[in-house]
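Engineer: my questions are about this predicted structure, shown below with the sequence.
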Amino acid sequence: MKKVILTILALVIFVSPSLILADNSNTIAYLQSQTQNNWISQALAAAQVDNLDISYIDYQTNDLMAAAKDILTLAATNSQDGENISQLLAVIESSRNNGQFGSSDLLNDDFWAVLALASVGNLDSTDSVKNFILDNQNEDGGWSWSASGTSDSNDTAAAIMALLDLSDNSSSPEIIDALSYLQTTQNEDGGFAYDSDSQSDGASTAWIIAALNKADIEADSWVKNEHNPISFLESLRQDNGSFLWMASDEQGSAMVTAYALLALSGASYPVNYIDIATDDNIAAGYSLRIEGPDRTVCLANHLEATTVLELLEAGSGVCGFEYTTEDSAYGVYVSSIDGIVAEGMEGWQYFVDSQSGMMSVTDYHLSDENEVLWAYGGFPFYPVSLELNDTHFDVGQSVVASFKYYDGDSWLPLPEADIVLGQDVYQADASGQFSMTMEADGAYPIFSQQTANYIRSNKEYIIVGSGVSQTVDLSVNIEGDDNGGSNGDGSIAFSVDRSSIDFGTLNPGQSSDTIISITNTGDVDVYIEASVLGDAVFTDFTSLDQNIWQDYNLNLSKDSLQSVNIGLDIPSNFDSFGQKEGQLIFWGVSQ
Ligand SMILES: [Ca+2]
């Protein structure tokens, strides 16, 4: 099995507003004069302003955080637009991954997904994401934006608001711990900073007030040195109604003003709850999994389609593959997917709910949340299912996996299947059972390998320990790779000389560059690619060696070193201000 390693760099930036127009009217008028966005709309709604302009909402977005903020905005404005809300909800639901939302390295996407689901009545208070959030509460009672980071006030406030929608109340132990953490970070001026060592800022203070509002705690009762969060925030209010981010700033910030208006209106997130829970098309749609000979080509849920072929078309948009069809005496059939072409006795076969598809892809009409599986192989060819005794384990506990295949009539034990667990291969016993004592914290993918007659099983993730390691993303990266199947004995390793990059404060229109070095420390040549996760400012505007990061790759021979120029260019019309975080992941495979 090919060995894959990766390195993750944390990216941080503060994007500051460039020029705020002078305006001497009150805070509401000031915000109405700004380019409207989710935060401003929620603030104006919290201040009881009607007829808001939310035309900026992109209902076609596939971005989890964008969808969450849009849903919160639609709920805040009492939207009746069930169809568009359902579409955005599908983005959130389809990002569910292993008991949490989006990247398992990120926590802020979970907080906002929870708040968005709650705002439209689509959150079950026993949702498994609650365990994920609680598992990632730091010892000091706070939360970071990431699964491994140190606590910050903003994400702790967001976590509190999310937990209060997940059956917690202000006397739940985790909420008490979180509030204690926040209170210990209160500065002498009554305000709060992003982290515990910095000067108070308006944004952080407003978020804490919003969390206190939701926990039914009077913010002005948190007195420090005769100041309180409300008095600190008010001290940042300018004549034109705007609020400063820091007391030393010369101009107010639209973002901070939005946060401040919401907080001082006594509101929190979500600003408002609407109910579209009875809308049954939220969970509708179909699942698609495509298993190629060497790798999984596509995993997608909640796709809209009528026929098997339409579902393939919908999946091609989500997963980014191409396919071809041909006509035959038996109707339309699929001759290639993602460049893998039918040849000889092997080709693409489809299964609906594990049952082999016996008719043309244009004739098979889907119903009842069907799951469609495509696989490339000959005959006979059987779908394989993997079941686990649990998905969360402590070190020393045993995972028990059961592998079965469907012969068209019933599920039978799959004897002696090759099992991939983490980066190692094992074998199940004669009755399709496999067990293993887990000895180290981490997240481990598990599935059975594809063979001549058995399709690769569904892939599940085993979480060991309280934290969630970056291995989940590692696995995702393996899946997206064109598997070379190297069996070399050499060890593959590389190092990166920085663990985080702080681009500092940038205005729209500005850019920043930094250089890092990658060293091949193993004993084989390595092929390296990169991924960027996190805030859209990074996923959209990061360059590596002057190219978009998606195009970056590097062949790094043994014992050699290569520098990489990392650039961030903020467009002049960029208007999402505040602290941004992301991750740059380098992953390498042996050549
Ligand atoms: Ca997450």
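Structural biologist: Good, I have the coordinates. None of the values given here were measured: they were computed from a predicted structure.

Engineer: alpha carbons only for contacts and neighbour counts from here, please
Structural biologist: Noted.

Engineer: which outside residues touch stretch 64-84?
Structural biologist: With CA atoms under 8 Å, 6 or more residues apart in numbering as the test, stretch 64-84 has contacts from 38-39, 41-42, 45-46, 50, 52, 57, 59, 61, 85, 88-89, 91-92, 95, 102, 109, 112-113, 115-117, 119-120, 269-274, 276, 279.

Engineer: for the residue lying farthest from the centre of the chain, give me phi and psi.
Structural biologist: Farthest-out residue of the chain from its mean C-alpha position, per CA atoms, centre = their mean: residue 329, at 44.9 Å. When quoted as degrees, to the nearest 10, the phi and psi of residue 329 stand at phi -60, psi -20.

Engineer: ok, now how distant is it from residue 359?
Structural biologist: For residue 329, the distance to residue 359 equals 12 Å [CA to CA, to the nearest Å].

Engineer: just residue 571 next, same as before
Structural biologist: As judged by CA to CA, residue 571 and residue 359 stand 51 Å apart.

Engineer: same check, this time on residue 60
Structural biologist: Separation of residue 60 from residue 359 (CA to CA): 33 Å.

Engineer: the two - which one has more neighbours?
Structural biologist: residue 359 (14 against 11; other CA atoms under 10 Å).

Engineer: and the more buried one, how far from residue 408?
Structural biologist: Taking CA to CA as the measure, residue 359 falls 15 Å from residue 408.

Engineer: and if you look at residue 293?
Structural biologist: Using CA to CA, we find residue 293 at a distance of 21 Å from residue 408.

Engineer: same drill for these two, tell me which one is more crowded.
Structural biologist: residue 293 (18 against 13).

Engineer: now that one. Nearest residue, chain neighbours left out?
Structural biologist: Sequence neighbours aside, residue 376 is the residue nearest to residue 293 in space, at 5.9 Å (criterion: CA to CA, 6 or more residues apart in numbering).

Engineer: please name the nearest non-neighbouring residue to residue 92.
Structural biologist: Nearest residue to residue 92, sequence neighbours excluded (CA to CA, 6+ apart): residue 64, at 5.6 Å.

Engineer: now swap in residue 218 and tell me
Structural biologist: That would be residue 212: by CA to CA, 6+ apart, it lies 6.8 Å from residue 218.

Engineer: keep the contacts of stretch 64-84, but drop any that are not near the ion.
Structural biologist: Filtering the contacts of stretch 64-84 for neighbours of the ion using CA under 5 Å from the ion leaves residue 102.

Engineer: buried subset of the contacts of stretch 64-84?
Structural biologist: Neighbour counting with 16 or more other CA atoms under 10 Å marks 38-39, 41-42, 45-46, 57, 59, 85, 88-89, 91-92, 95, 102, 109, 112-113, 115-117, 119-120, 269-274, 276 as buried within the contacts of stretch 64-84.

Engineer: show the pLDDT at the closest residue to residue 62 other than its chain neighbours.
Structural biologist: Distance criterion CA to CA, 6+ apart; nearest residue to residue 62, sequence neighbours excluded, is residue 91 at 5.9 Å. Looking at residue 91, its pLDDT stands at 90.

Engineer: and for residue 84?
Structural biologist: pLDDT, residue 84: 89.

Engineer: on the three-state scheme, it is what?
Structural biologist: Following DSSP: H, G, I helix; E, B strand; the rest coil, residue 84 is assigned to helix.

Engineer: quick one, helices of the stretch 51-200 of the chain?
Structural biologist: For the stretch 51-200 of the chain, helices defined by DSSP state H, counting those that start in this stretch occupy the ranges 64-76, 82-94, 108-119, 129-135, 153-164, 173-184.

Engineer: could you list the residues of this protein in contact with the ion?
Structural biologist: Residues of the chain found near the ion (CA under 5 Å from the ion) are 101-104, 106-107, 110.

Engineer: what residues are up against residue 276?
Structural biologist: Residue 276 makes contact with 82, 120-122, according to CA under 8 Å, 6+ apart.

Engineer: 6 Å instead, please
Structural biologist: Each residue near residue 276 by CA atoms under 6 Å, 6 or more residues apart in numbering is listed here: residue 120.

Engineer: can you check residue 243 too?
Structural biologist: Contact partners of residue 243, counting by CA under 6 Å, 6+ apart, are 236-237, 252-253, 257.

Engineer: got those as JSON lines, with secondary structure and pLDDT columns?
Structural biologist: Shown next, in JSON lines, are those (DSSP: H, G, I helix; E, B strand; the rest coil; pLDDT from 0 to 100):
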{"residue": "236", "secondary structure": "coil", "pLDDT": "96"}
{"residue": "237", "secondary structure": "strand", "pLDDT": "94"}
{"residue": "252", "secondary structure": "coil", "pLDDT": "94"}
{"residue": "253", "secondary structure": "strand", "pLDDT": "95"}
{"residue": "257", "secondary structure": "helix", "pLDDT": "96"}
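
Engineer: neighbour-wise, which one of the residues you listed leads?
Structural biologist: When neighbours are counted by other CA under 10 Å, residue 257 leads the contacts of residue 243 with 30 neighbours.
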